[in-house]
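Visitor: output the structure for:
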Amino acid sequence: MHPYSDYLDRFFDELEIYDDLYRGHHYKAFIRSAIDEFLKSESKADAFAVYDAFFSSYRITLEGERNRFIDLLDVLRNYEENAAVLIDKQRDHYIHAVNAFILGLCIYSRNRHFREAFNTANLDKTLYPNSYDTRHEEFFYRWGIAALFHDVGYPIEIIGKQLQKFLGFLCDVGDCGKIKALIEFENFDVVNMIPEIQPRQEFAASFAQKHPAVAALNLFKPVDLLAYALYDTLGVDLNAVHKALTGFVDTMAKYGFIDHGFYSAIIILKWYGYLIQSCNYKPAYFYYPVLDSASAILLHNYYKNVIMKPPFSKGPLSPRAHPIAYLLILCDELQEWDREGYGILDRSRVQASDISVLITDKTMDITYITAQKKLPEEFPGKKEALLNKLLDIDALFPDGFSIGSESTGELALLAGELKSRAGLVPRPLMENMEKLAIEIHKLYNEKSLEREPGVPLEYPNFSDLPDSLKYSNLRQAKGLAEKLDMIGYEILPEGTKGEKLQQIPEEWVENLAVLEHDRWMEERRAGGWTYGVEKNTAQKVSPYLVPYAQLSEDIKEKDRDVIRNIPALLERIGMAAYRVTREQ
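Guide: Below you'll find the model as predicted:
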């Protein structure tokens, strides 16, 4: 079970798909199943299934034609796999986009502030009467386009980097100096123009009537449309932003960089504009949700590189200004796990393989998990600082937003170190016990917030814990097997044939909770802890070093939670408890 499967359950339980309710389809089931399969493997084949399920459910194609959007995504995958290996820095974007999409669904599901911002910005029927009336579908549609398509322009960036690297190699003779490679267009209007299938004035008439500021713009030019979207959502000067976007190809050439988000946004507008005309769909479908998603795609790099600088000089982006752009920047920056490195340098760098994440109406805590070496020590702080610079983080997470990192390999070493230092003798490590220790801490925090929603977490991330408490979680994880053995169960991979334990029967919970508290007291005393009325972690003093019967009910409930949570914790790492079958 993936760390945020519970969040997805909530989202899909509440989501309504119009075609399912009124046309007899089962699109929600197909998309949800594709996501579930992807989370088990995070493979390219299962990422493709997510793309296919979404864009087939929201298919805009002429009868008998292939789904060209899927073909476009295949081009991205092939370029990354085959061309990016020749450059220094290049990481996966194909699986990355699916992970960013799923993370966004989780944030939307769990954070009331974001849902309110989205609904206020996008569900005004007087402006766009065609928005979905089905629950959460308008968000699902716009977010799907933005998240799953935000990197489709990356092949252009790969080509530019390849050219730069090759020319650098050619000039690495004598003292030639550096050479700058430029990408220019003989006629950029060929790219920056939506094919006219219906009369232009007729197709754009309703939108132009509601938005008189577009009078001087060509509503069949993606760059003009994007300029208006930024004027409308961010409040920037229309002439200034139109000038900046119109000259952006020359700006990129001048300064030697390529913004793939710029090209991704143009591609989306060009293709959707053509198909919506060809299929005779309502023009509003193009000028509202598609333009909103395309402008979010543009902003996921353009906001930092241009809008935050003169002459616009905007501060951190508010979720109320452009909710989809805000969420895309957040998820794009956070999605740093399971990203295969294709570039020469990226293949040798430490990469996070997994995450632990906690999302509420007021907080978000994410811990990146590596298998061996830890991420650079400065990584969490830099990532937090960048996101606080780009986004108004407090608008969604007023009680705290934190990023941490942890290495399961270092945790295993820590076990040996503390064994010799504290005299503790841990039982043999089981497969994935390090991950389970991290999940135990995460679940403890979730339960704490449920019981006391207004109380800040003492240790939001596993990485924040002192070494002794990290090891305590590790010992607790390893002690699960012993408790399960007492009641006739063993830990095996999820899907093993046999009688699976769904929940701990209540008649066992209390006895096992007593044993859990006894184990905890033994561990604390061995580590030098003593009893005291007030808790003091630094001095190793705890008021809970008393027999279980003397504990208050709220503290007893924490020990009971440890027992009740065993099946859920095992699911999070792909394991389960099965009844032991012993030979007679």
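Visitor: which residue is nearest the centroid of the protein?
Guide: Most central in the chain under C-alpha atoms, centre = their mean is residue 103, positioned 3.2 Å from the mean C-alpha point.
Visitor: contacts only, for that one.
Guide: Contacts here follow C-beta atoms under 8 Å, 6 or more residues apart in numbering; on that basis residue 103 touches 4, 331, 334, 335, 357. Just so you know, the C-beta spots here come from the backbone N, C-alpha and C atoms, and that holds for glycine as well.
Visitor: please report phi then psi for it.
Guide: Note on residue 103: backbone dihedrals following degrees, to the nearest 10 are phi -60, psi -40.
Visitor: now, the contacts of residue 103 that are in strands?
Guide: With strands taken from DSSP state E, the overlap with these comprises residue 357.
Visitor: which one (most neighbours) among the contacts of residue 103?
Guide: Counting neighbours by other C-beta atoms under 10 Å, residue 331 comes out on top of those with 25 neighbours.
Visitor: can you report phi and psi for the closest residue to it other than its chain neighbours?
Guide: In space, residue 331 comes closest to residue 100 once its chain neighbours are excluded; the distance is 4.2 Å by C-beta to C-beta, 6 or more residues apart in numbering. Backbone torsions for residue 100, taken as degrees, to the nearest 10, come to phi -60, psi -40.
Visitor: what do you get for residue 318?
Guide: Dihedral angles (degrees, to the nearest 10) for residue 318: phi -90, psi 140.
Visitor: leaving out chain neighbours, which residue sits closest to it?
Guide: Spatial nearest neighbour of residue 318, chain neighbours left out: residue 392 (4.8 Å); criterion: C-beta to C-beta, 6+ apart.
Visitor: who's in contact with the one you found?
Guide: Residue 392 neighbours (C-beta under 8 Å, 6+ apart): 316, 317, 318, 319.
Visitor: what's the pLDDT at residue 63?
Guide: As predicted, residue 63 sits at a pLDDT of 55.
Visitor: tell me how the chain divides into domains.
Guide: With domains defined by automatic domain parsing, the chain comprises 5-334, 350-579.
Visitor: comparing those domains, which gets the lowest mean pLDDT score?
Guide: Among those, domain 350-579 scores lowest, with a mean of 80.
Visitor: my guess is residue 183 meets residue 258, correct?
Guide: Yes: counting by C-beta atoms under 8 Å, residue 183 touches residue 258, with 6.7 Å between them.
Visitor: more crowded one of these two?
Guide: A direct count of neighbours by other C-beta under 10 Å for residue 183 and residue 258 places residue 258 higher, at 20 against 13.
Visitor: that one contacts residue 184, correct?
Guide: No: using C-beta under 8 Å, residue 258 is not in contact with residue 184, being 11.8 Å away.
Visitor: ok, and the closest non-adjacent residue to residue 519?
Guide: Leaving aside its sequence neighbours, residue 519 sits nearest to residue 479 (C-beta to C-beta, 6+ apart; 5.9 Å).
Visitor: cool, residue 564 as well?
Guide: residue 504 is the one closest to residue 564 (C-beta to C-beta, 6+ apart), at 5.7 Å.
Visitor: doesn't the one you found lie inside a helix?
Guide: No: Residue 504: not assigned to a helix; according to DSSP: H, G, I helix; E, B strand; the rest coil it is coil.
Visitor: measure it to residue 270 for me?
Guide: Look at residue 504 and residue 270: by C-beta to C-beta, to the nearest Å, they are 57 Å apart.
Visitor: go on, residue 387?
Guide: From residue 387 to residue 270 the distance is 31 Å (C-beta to C-beta).
Visitor: same check on residue 353?
Guide: For residue 353, the distance to residue 270 - C-beta to C-beta - is 37 Å.
Visitor: who are the contact partners of residue 537?
Guide: 466, 469.
Visitor: go again using 10 Å as the cut-off
Guide: Contact analysis of residue 537 by C-beta atoms under 10 Å, 6 or more residues apart in numbering lists 458, 459, 465, 466, 468, 469, 529.
Visitor: returning to what we had before: in helices, which of the contacts of residue 103 fall?
Guide: Secondary structure defined by DSSP state H assigns 331, 334 of the contacts of residue 103 to helices.
Visitor: list just the nearest of the contacts of residue 103 to residue 154.
Guide: Looking at the contacts of residue 103 and their distance to residue 154, the nearest is residue 335, at 14.5 Å (C-beta to C-beta).
Visitor: all strands of the stretch 151-300 of the chain, in order?
Guide: Taking DSSP state E, counting those that start in this stretch to define them, one finds no strands in the stretch 151-300 of the chain.
Visitor: mind listing what residue 383 touches?
Guide: Contacts for residue 383 (C-beta under 10 Å, 6+ apart) come out as 333, 334, 336, 366, 368, 375, 403, 405.
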